[in-house]
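> The sequence and its predicted three-dimensional model are supplied below.
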Amino acid sequence: MDLKKIEKGVRLILEGIGEDLHREGLRETPRRVAEMCREIFAGVGGQPEVPVGFNDPDIQEDLVAVTNVPFYSVCEHHLLPFFGMVHLFYCPRNHKVAGFSSLIKIVEVFSRRPQIQERFTHQIADALMTALEPQGVLVVVEATQLCVAMRGLQKEGVRTVTQVVRGEVPLDKINVSRYLQSVD
């Protein structure tokens with residue numbers, strides 16, 4: 001990541017909107033924004049360490065759910081944040097499961113890049129299918145998009161829900177609405 005280029009870009013934006021780069025509150029802003037970018041875009045160019053899973057003979061092919069995984073990302077269209085919860089469901093095959101923290105790490109890597117919610121949801125589902133080779137996966141992402149709340153129509157409280165199913169998942173056994181929460 002080229003922090004100097006980011007600093008230069010932030011200076012240009014601030015000048016472009018008519019701000020005084022020498023005023024007290026803005027003097028360090030380009031550097032602070034560059035450091036923030038290092039953190040919030042840490043997933044750019046990287047692939048998540050996909051959990052290889054482990055076998056447990058006691059695990060049947062019943063549903064596993066990891067819900068309410070918080071995330072923060074940045075919309076690639078306007079560079080404004082979107083944030084919310086990810087809900088992961090999968091049905092193991094051949095007694096193969098993954099550690100819960102491994103599943104959360106997948107969410108973290110994909111959320112830390114300029115992104116759109118639809119692609120984010122697909123990336124998580126595809127990574128789980130590759131890693132675990134389960135019967136099926138369901139990923140539900142619910143988010144607040146600040147590009148909807150702060151610009152354009154300026155509608156606060158709008159929540160976007162995306163859902164991706166891969167393979168065979170007993171949807172009749174999952175009450176997805178039970179997991180959805182307000183993300184405001």
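Looks like it arrived, so ask away.
> Hmm, A34 is touching E7, no?
Yes - between A34 and E7 a contact is recorded at 4.8 Å, counting by CB atoms under 8 Å. Placement of C-beta: from N, CA and C, glycine included.
> Give me the pLDDT value at the residue nearest the centre of the chain.
For the chain, the residue nearest the mean C-alpha position is S111 (3.1 Å; CA atoms, centre = their mean). The model reports S111 with a pLDDT of 96.
> same check, this time on V52
The score at V52 is 61. That number is its pLDDT.
> What of the one 5 residues further on?
pLDDT for P57: 78.
> Next, find the distance separating it from Q135.
Going from P57 to Q135 by CB to CB, to the nearest Å gives 17 Å.
> More neighbours: these two, which one.
Here P57 and Q135 are set side by side on neighbour count (other CB atoms under 10 Å), and the busier one is Q135, at 17 against 6.
> which non-adjacent residue is nearest the more buried one?
C91 (4.0 Å; CB to CB, 6 or more residues apart in numbering).
> what sits against that neighbour?
61-64, 134-136, 167-170 (CB atoms under 8 Å, 6 or more residues apart in numbering).
> Report all helices and strands that the lowest-mean-pLDDT helix or strand in the chain contacts.
Counting by mean pLDDT, DSSP states H and E, the weakest-scoring helix or strand in the chain turns out to be strand 54-55, with a mean of 74. Counting contacts by 3 or more CB pairs under 8 Å, 6 or more residues apart in numbering; DSSP states H and E, strand 54-55 is packed against strand 96-97.
> Could you tell me which residues make contact with V109?
V109 neighbours (CB under 8 Å, 6+ apart): 43, 46-49.
> Walking through this structure, point out its strands one by one.
54-55, 64-75, 81-91, 96-97, 114-115, 136-145, 159-167 (DSSP state E).
> Switch those over to a markdown table; also include distance to R11.
Formatted as a markdown table, these follow (distance: least, CB to CB, whole Å):
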| stretch | distance to R11 |
| --- | --- |
| strand 54-55 | 50 |
| strand 64-75 | 20 |
| strand 81-91 | 22 |
| strand 96-97 | 49 |
| strand 114-115 | 20 |
| strand 136-145 | 28 |
| strand 159-167 | 33 |
